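A.B. asks: return atomic coordinates for the entry below.
(2 chains)
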Protein chains: 2
Amino acid sequence: MTYCLAIQLDKHLVFAADSRTSAGVDNVTVYSKMHRLPLGEDRLFVMLTAGNLATTQAVLSRIQRDLDNPHAEESLRTADYLFDAAHYIGRISRHVQAEHSEAFVEHQGNLEASFILGGQIRGRPHNIYLIYPQGNCITASPKAPFLQIGETKYGKPILDRVITPETSLGDAIRCALMSISSTMRSNISVGPPVEVAVYERDTFAVARHMILDYDSRLLLDMEDSWSQGLRRALSELPRFEWEEESGPREVQSR
Amino acid sequence: MTYCLAIQLDKHLVFAADSRTSAGVDNVTVYSKMHRLPLGEDRLFVMLTAGNLATTQAVLSRIQRDLDNPHAEESLRTADYLFDAAHYIGRISRHVQAEHSEAFVEHQGNLEASFILGGQIRGRPHNIYLIYPQGNCITASPKAPFLQIGETKYGKPILDRVITPETSLGDAIRCALMSISSTMRSNISVGPPVEVAVYERDTFAVARHMILDYDSRLLLDMEDSWSQGLRRALSELPRFEWEEESGPREVQSR
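C.D. replies: Model (predicted):
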């Protein structure tokens, strides 16, 4: 599996992804699931991928082939809106899945893939889209300013409690990292390194890009501090009337 | 859906469950998913149920029918070990599902149900079992001292970080409540009231039983305190070197 998310802030987009791919338990490898596509001065895209690795790689190859072809009828360069680009990727994804579907019905495999596409086209707002395996897509909203693909449930509560369009960039990145870190701890199919990219509105370039591996000092420090903070939060919850102790005490971690 | 969990502590068992059941979005009702079965001086069981409501109700009815029948070949009263009782419930569950399976294949419904059975039989340790829809079962272990059924993923990270067999009873209950509360916030198919039961080793009676509805002062206070604690934990995470501010600041909630 995989866990990727994107957050739409007032002035920034934050993208974050794990890097573990697996086919069963004995074919586990590391692949980047984040693809940065700066396309000159008027557009920038970042893509996050989840699902069947052959499908996501084929989709990316076709996107690149269209970009390389100056006569391509349609490509990420011809899209007028991010919405058009998302639908273009959805169509490619459907096409790739259809090519192999017969063999996959036979072998009961799963060809499906999901994508998050974020970025900006000059003159339009910065934005993020989730592209479903069926090829259709949804965008974020001020009340739901983040999108997730892959193993999304473990890391959703912290996002639900914190993220708004006004969240500061640093807090949004830290929240994304703890969302992924909690998922890695609870589900072995999601693993490091964790990749983060930040886009700043109207710049048409990736502002920051970080790769945090399992031995990253920053990630380890954050993880320690987060565990400690959660234990403190738990120790400060109201007592039951039948409990002898009163006031905060230390909650041991496992 | 449903979310139920049980925690095995050194001297206690903690059971917790939400109460929402739904068939689609327009048939949402409240059913208790926690069933306390004190059976005299030598045994006590608590059952938690998830999955198809007709299946779980039929399983409970058959368990009761066997208990009411003094000539029953097998019942929760005849089990020598909690393990036997869990397998007995697994067989009943398979039987109930098999009765209706033909109709369900036709209508593409899902008859499956999962159960958590916990309690103690005199002379044996207190224990918890998860009974799968297939009728087989697993128990907890000191390294994995909790079991979950239903919508389990949202609430797993907090349990993973905190619960050990040595966790205090109060902390374990609070952790279970926050696990369910986070799930209710992120997934509309899980809802109040939240029901909690506590069993104390060698007592063969339910020590405490709480029903916390959506307007419960205790649950609301805990939820507020927890949100505040999480935001503080986030605000205390290490800064990135490129951030201007240093030291903890307020993280706004959504």
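A.B. asks: use CA for all of it now, contacts and neighbours both
C.D. replies: OK.
A.B. asks: low-scoring stretches of the stretch 151-254 of chain A, by residue?
C.D. replies: Scanning the stretch 151-254 of chain A for pLDDT under 70 picks out A:245-254.
A.B. asks: ok, how many other residues are close to A:A103?
C.D. replies: 10 (other CA atoms under 10 Å in any protein chain shown).
A.B. asks: got the contact list for the closest residue to chain B within the stretch 1-150 of chain A?
C.D. replies: Taking CA to the nearest CA, chain B has its nearest neighbour within the stretch 1-150 of chain A at A:K143, 8.7 Å off. A:K143 sits next to A:T164 when contact means CA atoms under 8 Å, 6 or more residues apart in numbering or on different chains.
A.B. asks: check the one 10 residues further on too.
C.D. replies: A:K153 makes contacts with B:K153, B:Y154, as judged by CA under 8 Å, 6+ apart.
A.B. asks: so it sits in a strand?
C.D. replies: No - looking at A:K153 with DSSP: H, G, I helix; E, B strand; the rest coil, it is coil, so not inside a strand.
A.B. asks: what's the neighbour count on A:D80?
C.D. replies: For A:D80, using other CA under 10 Å, the count is 14.
A.B. asks: give me the element A:P70 is part of.
C.D. replies: Counting by DSSP states H and E, there is no helix or strand that carries A:P70.
A.B. asks: return the distance of A:Q148 relative to A:A72.
C.D. replies: Using CA to CA, to the nearest Å, A:Q148 is found at 31 Å from A:A72.
A.B. asks: my error: substitute A:L60 in the last question.
C.D. replies: Per CA to CA, A:L60 is found 15 Å from A:A72.
A.B. asks: the two: which is more packed in?
C.D. replies: Shown here are A:L60 and A:A72; by other CA under 10 Å, A:L60 has more neighbours (18 against 12).
A.B. asks: is stretch A:184-192 positioned near chain B?
C.D. replies: Yes - judged by CA under 8 Å from any CA of the partner chain, stretch A:184-192 and chain B are in contact via A:R185, A:S186.
A.B. asks: report how many residues lie close to A:P142.
C.D. replies: Neighbours around A:P142, by other CA under 10 Å: 13.
A.B. asks: check contacts around A:A58.
C.D. replies: A:V96 are the contacts of A:A58 under CA under 8 Å, 6+ apart.
A.B. asks: next, it: phi, psi?
C.D. replies: With angles defined as degrees, to the nearest 10, A:A58 sits at phi -60, psi -40.
A.B. asks: check what pLDDT it gets.
C.D. replies: At A:A58, the predicted lDDT confidence score is 95.
A.B. asks: what's the spacing between it and A:K11?
C.D. replies: A:A58 is 32 Å from A:K11, by CA to CA.
A.B. asks: equivalent analysis for A:H100, please.
C.D. replies: 41 Å.
A.B. asks: next: A:S93.
C.D. replies: Taken as CA to CA, the span from A:S93 to A:K11 is 30 Å.
A.B. asks: longest helix of chain A, counting residues only.
C.D. replies: Using DSSP state H, we find that the single longest helix of chain A is helix A:82-107.
A.B. asks: can you give me the helices in the stretch 101-250 of chain A?
C.D. replies: A:156-162, A:169-186, A:217-235 (DSSP state H, counting those that start in this stretch).
A.B. asks: if we can go back for a sec, neighbour count winner among A:H100 and A:K11?
C.D. replies: A:K11 (15 against 12).
A.B. asks: nearest residue to the more buried one other than its sequence neighbours?
C.D. replies: Nearest residue to A:K11 in three dimensions, chain neighbours excluded: A:R201, at 5.3 Å (CA to CA, 6 or more residues apart in numbering or on different chains).
A.B. asks: can you verify my assumption that A:D221 contacts B:R239?
C.D. replies: No - with contact defined as CA atoms under 8 Å, A:D221 and B:R239 do not form a contacting pair (10.4 Å).
A.B. asks: more neighbours, those two?
C.D. replies: Shown here are A:D221 and B:R239; by other CA under 10 Å, B:R239 has more neighbours (18 against 13).
A.B. asks: what's the distance between that one and A:L177?
C.D. replies: Taken as CA to CA, the span from B:R239 to A:L177 is 12 Å.
A.B. asks: now do A:D42
C.D. replies: 30 Å.
A.B. asks: which residues does stretch A:20-35 contact?
C.D. replies: Outside stretch A:20-35, the residues touching it (CA under 8 Å, 6+ apart) are A:1-2, A:4, A:16-19, A:46-50, A:53, A:189-193, A:195.
A.B. asks: most tightly packed of the helices of the stretch 101-250 of chain A?
C.D. replies: helix A:169-186 (a mean of 23; mean count of other CA atoms under 10 Å in any protein chain shown).
A.B. asks: got the angle for that one vs helix A:217-235?
C.D. replies: 80 degrees (axes from the mean of the first three to the mean of the last three CA atoms, to 10 degrees).
A.B. asks: helix A:169-186 - contacts with which helices or strands?
C.D. replies: Packing partners of helix A:169-186 (3 or more CA pairs under 8 Å, 6 or more residues apart in numbering or on different chains; DSSP states H and E): strand A:3-8, strand A:12-17, helix A:156-162, strand A:194-200, helix A:217-235, helix B:156-162, helix B:217-235.
A.B. asks: make CSV from the ones you listed and add distance to A:Y132 to it.
C.D. replies: Converted to CSV, these look like this (distance: least, CA to CA, whole Å):
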stretch, distance to A:Y132
strand A:3-8, 14
strand A:12-17, 17
helix A:156-162, 18
strand A:194-200, 22
helix A:217-235, 30
helix B:156-162, 26
helix B:217-235, 31
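A.B. asks: for B:M184, find the nearest of these.
C.D. replies: helix A:156-162 (9.4 Å; CA to CA).
A.B. asks: CA-only coordinates of that closest one in CSV, if you can.
C.D. replies: Taking Å, rounded to 0.1, in the frame of the first residue of the first chain, the C-alpha atoms of helix A:156-162 are listed here in CSV:
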residue,chain,number,x,y,z
LYS,A,156,-7.1,11.1,9.1
PRO,A,157,-8.1,12.0,12.7
ILE,A,158,-5.2,14.4,13.3
LEU,A,159,-5.8,16.2,9.9
ASP,A,160,-9.6,16.4,10.8
ARG,A,161,-8.8,18.1,14.0
VAL,A,162,-6.1,20.6,12.8
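A.B. asks: run the chain-centre distance for it.
C.D. replies: Remark: helix A:156-162 is offset 14 Å from the chain centroid, using CA atoms, centre = their mean, to the nearest Å.
A.B. asks: who does it touch, helix- and strand-wise?
C.D. replies: Using 3+ CA pairs under 8 Å, 6+ apart, helix A:156-162 is in contact with helix A:169-186, helix B:169-186.
A.B. asks: quick one, the last one and strand B:194-200 angle?
C.D. replies: For helix B:169-186 and strand B:194-200, the angle between their directions (the same axes, to 10 degrees) works out to 160 degrees.
A.B. asks: pLDDT of stretch A:9-18, averaged?
C.D. replies: Computed over stretch A:9-18, the average pLDDT equals 97.
A.B. asks: I misspoke; the intended subject was stretch A:32-51.
C.D. replies: 95.
A.B. asks: next one: it to chain centre, how far?
C.D. replies: 12 Å.
A.B. asks: repeat for stretch A:225-241
C.D. replies: That offset, for stretch A:225-241, works out to 29 Å (CA atoms, centre = their mean).
A.B. asks: send me stretch A:138-154 as CSV with only the CA atoms.
C.D. replies: The C-alpha coordinates for stretch A:138-154 follow below in CSV (Å, rounded to 0.1, in the frame of the first residue of the first chain):
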residue,chain,number,x,y,z
ILE,A,138,-12.8,15.8,-6.8
THR,A,139,-11.1,18.9,-5.5
ALA,A,140,-10.6,20.1,-2.0
SER,A,141,-12.7,22.8,-0.3
PRO,A,142,-12.2,25.3,2.5
LYS,A,143,-14.1,22.9,4.9
ALA,A,144,-12.2,19.9,3.6
PRO,A,145,-8.8,21.4,2.6
PHE,A,146,-6.9,18.1,2.3
LEU,A,147,-7.0,15.0,0.1
GLN,A,148,-5.7,11.6,0.8
ILE,A,149,-5.0,8.4,-1.3
GLY,A,150,-3.9,4.9,-0.3
GLU,A,151,-4.0,3.8,3.4
THR,A,152,-5.9,7.0,4.5
LYS,A,153,-7.7,6.1,7.7
TYR,A,154,-5.0,5.9,10.4
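A.B. asks: if anything else comes up later, I'll come back, but that's it for now.
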